[in-house]
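*Asks:* Fold the stuff below for me.
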Amino acid sequence: MAAEKGKKKRATLSSFTILLIILVVLAVITVIMSMSGVEGIQGATLSGVLTAPVAGFSDALPVCLFV
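*Replies:* As a prediction, this is how the structure comes out:
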């Protein structure tokens, strides 16, 4: 029993946290690509990253209501 008390449970990341991490990583990649001169790529802005979840949910609202 004493050995079990010494072990701590590792908390897993929620799916929302994983999606936010992916969003930030992709935003950084677009900024790097736009700075390197890739044609047709616009770098992500801070306001775009912060409003992306809200815009995504509002675009998916009809599907959510249908389901």
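
*Asks:* Test for you: state the pLDDT assigned to Ala2.
*Replies:* Looking at Ala2, its pLDDT is 55.

*Asks:* so where do the helices sit in this structure?
*Replies:* For the chain, the helices defined by DSSP state H cover 2-6, 15-35, 46-59, 61-66.

*Asks:* contacting residues for the most centrally placed residue in the chain?
*Replies:* Residue closest to the average C-alpha location in the chain (Cα atoms, centre = their mean): Leu20, at 2.2 Å. By Cβ atoms under 8 Å, 6 or more residues apart in numbering, Leu20 lies in contact with Pro53. C-beta here means a position set from N, CA and C on the backbone, and glycine is covered the same way.

*Asks:* That one and Leu65: what is the separation?
*Replies:* 24 Å (Cβ to Cβ, to the nearest Å).

*Asks:* likewise Val54?
*Replies:* Distance from Val54 to Leu65, by Cβ to Cβ: 17 Å.

*Asks:* helices and strands of the chain: which one has the lowest mean pLDDT?
*Replies:* Least confident helix or strand of the chain, by mean pLDDT, DSSP states H and E, is helix 2-6 with a mean of 60.

*Asks:* Identify the residues contacting Ile22.
*Replies:* So Ile22 contacts nothing (Cβ under 8 Å, 6+ apart).

*Asks:* Quick check: it vs Glu39, distance?
*Replies:* For Ile22 relative to Glu39 (Cβ to Cβ), the value is 25 Å.

*Asks:* Check the burial of the residue nearest to Val28 when sequence neighbours are not counted by counting its neighbours.
*Replies:* Using Cβ to Cβ, 6 or more residues apart in numbering and skipping residues adjacent in sequence, the residue nearest Val28 is Ala44, 7.9 Å away. Per other Cβ atoms under 10 Å, the neighbour tally for Ala44 reads 18.

*Asks:* OK, contacts around Ala44?
*Replies:* If you count contacts by Cβ under 8 Å, 6+ apart, then Ala44 has Leu26, Ala27, Val28, Thr30, Val31 around it.
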